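Peer 1: pasting the structure only:
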């Protein structure tokens with residue numbers, strides 16, 4: 001991050017060593033950077049989805065790729081510029097780090113006024129969480145076989161099943177509201 005600040009980069013991409021990029025990563029990254037011009041600084045754009053957090057279905061809009069996030073998804077792939085890097089470095093210089101950096105950013109970014117933005121769909125995944133790579137940082141020391149099963153199940157549940165259930169419930173409520181007579185009709 002120091003080099004980002006020293007060089008005054010407006011945008012820089014941070015990738016962990018176990019990142020898995022989406023097949024159309026470069027084309028989608030261009031869209032992300034273009035759409036990001038509409039957002040006020042400071043912000044960090046989470047490109048990945050290692051933690052399998054997704055934008056609620058009710059917020060998704062056709063042709064839009066960036067959405068306000070509730071927390072950092074993880075640090076496998078993200079964008080930030082010199083303004084955000086300077087804020088983070090200033091905080092790090094004053095505080096002792098005891099948690100992994102992506103967990104630290106969840107609490108510090110909000111206190112620093114850094115907006116968290118998610119891409120939908122995500123442009124990357126963390127290979128050590130999908131079971132593709134081993135991680136020495138996994139406190140549970142889960143096997144690759146467990147991760148290869150656990151990650152896609154969690155992804156399906158959070159990204160697809162949760163959104164599908166929301167759409168069905170919304171449709172049922174809408175249908176019920178159209179059939180229910182109003183106060184004046186009773």
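Peer 2: Okay, I see it. Note that the structure is predicted; figures quoted are calculated from it, not measured.
Peer 1: tell me the pLDDT of residue 26.
Peer 2: We have a pLDDT of 96 for residue 26.
Peer 1: one more: the one 5 residues further on?
Peer 2: The predicted structure scores residue 31 at 97 on the pLDDT scale.
Peer 1: likewise for residue 97?
Peer 2: In this model, residue 97 is scored at 86, pLDDT.
Peer 1: let me see the contact set for it.
Peer 2: Neighbour list for residue 97: residue 104 [criterion: Cβ atoms under 8 Å, 6 or more residues apart in numbering]. Glycine gets a C-beta too; all of them are placed from N, C-alpha and C.
Peer 1: quick one: mean pLDDT for the longest helix along the chain?
Peer 2: Across the chain, the longest stretch assigned as helix under DSSP state H is helix 162-179. Per-region confidence: helix 162-179 scores 74 on mean pLDDT.
Peer 1: by contact count, what packs against that helix?
Peer 2: If contacts are counted by 3 or more Cβ pairs under 8 Å, 6 or more residues apart in numbering; DSSP states H and E, helix 162-179 sits against no helix or strand.
Peer 1: from the chain's centroid, how far away is it?
Peer 2: 26 Å (Cα atoms, centre = their mean, to the nearest Å).
Peer 1: just the helices in the chain please.
Peer 2: In the chain, helices defined by DSSP H lie at 2-7, 25-36, 82-94, 101-111, 127-130, 144-155, 162-179, listed in chain order.
Peer 1: what comes into contact with the longest helix of the chain?
Peer 2: By Cβ under 8 Å, 6+ apart, the surrounding residues in contact with helix 162-179 are 54, 56-58.
Peer 1: next: stretch 38-51.
Peer 2: Against stretch 38-51 from outside (Cβ under 8 Å, 6+ apart): 13, 19, 29, 32, 36, 66, 69, 72-74, 76-81, 83-84, 87, 105, 109, 112-119, 122-126, 129, 155, 159.
Peer 1: apply 7 Å and report the result again.
Peer 2: For stretch 38-51, the surrounding residues in contact (Cβ atoms under 7 Å, 6 or more residues apart in numbering) are 19, 32, 36, 66, 69, 72-74, 76-80, 83-84, 87, 109, 113-119, 122-126, 129.
Peer 1: how about stretch 74-92?
Peer 2: Here stretch 74-92 has contacts from 1-2, 4-5, 8-16, 19, 41-48, 50-51, 101-102, 108, 112, 114, 123-124, 126, using Cβ under 7 Å, 6+ apart.
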